[in-house]
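below is the sequence, then the predicted model.
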Amino acid sequence: MILPRPLRERAFAGEVTAAVRRWKRPTVRAGGTLRTPSGVLAIDSVERVLLTDLTAEVAHAAGYPTRRALVESLAPTRNPLYLVCFHPGGPDPRVALRERTELTDADRAELDRRLDGYDERSPRGPWTRQTLRTIAEQPGVRAPDLAAAAGEETKRYKTDVRKLKELGLTESLEVGYRLSPRGRAYLSPSTAPAPGRAASAGR
């Protein structure tokens with residue numbers, strides 16, 4: 001579930017507490033969380049509703065001035081309607097992780113292990129270090145442009161970058177990505193992978 005930035009900011013201010021979506025099946029669940037660029041939302045409930053259940057009160061909770069505005073915002077499909085209620089759940093733990101620049105030998109070994117695992121399981125071969133280097137050299141470049149330059153589909157490229165983000169190595173910008181402080185520390189000259197490893201990771 002994606003919240004547009006204005007609604008997301010109001011959600012973390014406590015002004016927006018619900019969202020209405022047309023889904024084949026819910027992408028969030030009650031008791032779960034939703035990570036966003038602004039932090040974590042805690043999901044209170046996910047309920048299937050009818051169009052007649054969308055009152056002015058629901059519209060206001062979802063951040064819309066009128067019921068009509070809410071209805072007009074819905075995707076033009078026949079998928080079922082779901083009402084999701086939530087509240088701010090705190091900061092995204094990845095934010096704190098990507099600020100951790102003091103990498104111990106154990107930290108580096110674990111990052112190496114995780115990245116090597118992604119490389120080994122990838123049908124297209126090693127990609128992790130090259131992607132990190134590309135983002136370091138081209139911060140703020142559109143994902144479709146980065147994907148095209150790498151000869152990859154945009155969707156696959158974004159999925160791969162999200163894996164790096166989970167490790168605290170990258171962060172998303174309004175357009176494109178950049179390395180986090182942790183990512184820069186990982187690629188810094190004093191702690192960069194050995195030449196043999198880097199060469200094997202290239203495309």
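Happy to help now that I have it. Residues are numbered from 1 along each chain as shown.

could you use CA atoms for every contact and neighbour count after this?
Fine.

and Thr134, how far from Thr170?
If you measure Thr134 against Thr170 using C-alpha to C-alpha, to the nearest Å, the figure is 11 Å.

neighbour-wise, which of those two wins?
Taking Thr134 and Thr170 together and counting by other C-alpha atoms under 10 Å, Thr170 has the greater number of neighbours (25 against 17).

for the more buried one, give me its contacts.
With contact set as C-alpha atoms under 8 Å, 6 or more residues apart in numbering, Thr170 has these partners: Arg98, Leu132, Val161, Leu164, Tyr177, Arg178, Leu179, Ser180, Gly183.

domains in the protein, by residue range?
Per automatic domain parsing, the structural domains of the chain span 5-91, 94-201.

including mean pLDDT, could these go into TSV?
Supplementary listing: the domains of the chain in TSV, determined by pLDDT from 0 to 100:
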stretch	mean pLDDT
domain 5-91	93
domain 94-201	86
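
the protein: strands as residue ranges?
Counting by DSSP state E, the segments of the chain that form strands are 18-22, 33-36, 39-49, 81-88, 170-172, 177-179.

for Leu115, find the nearest of those.
strand 170-172 (13.2 Å; C-alpha to C-alpha).

measure stretch 89-105 end to end?
The first residue of stretch 89-105 is 32 Å away from its last residue (C-alpha to C-alpha).
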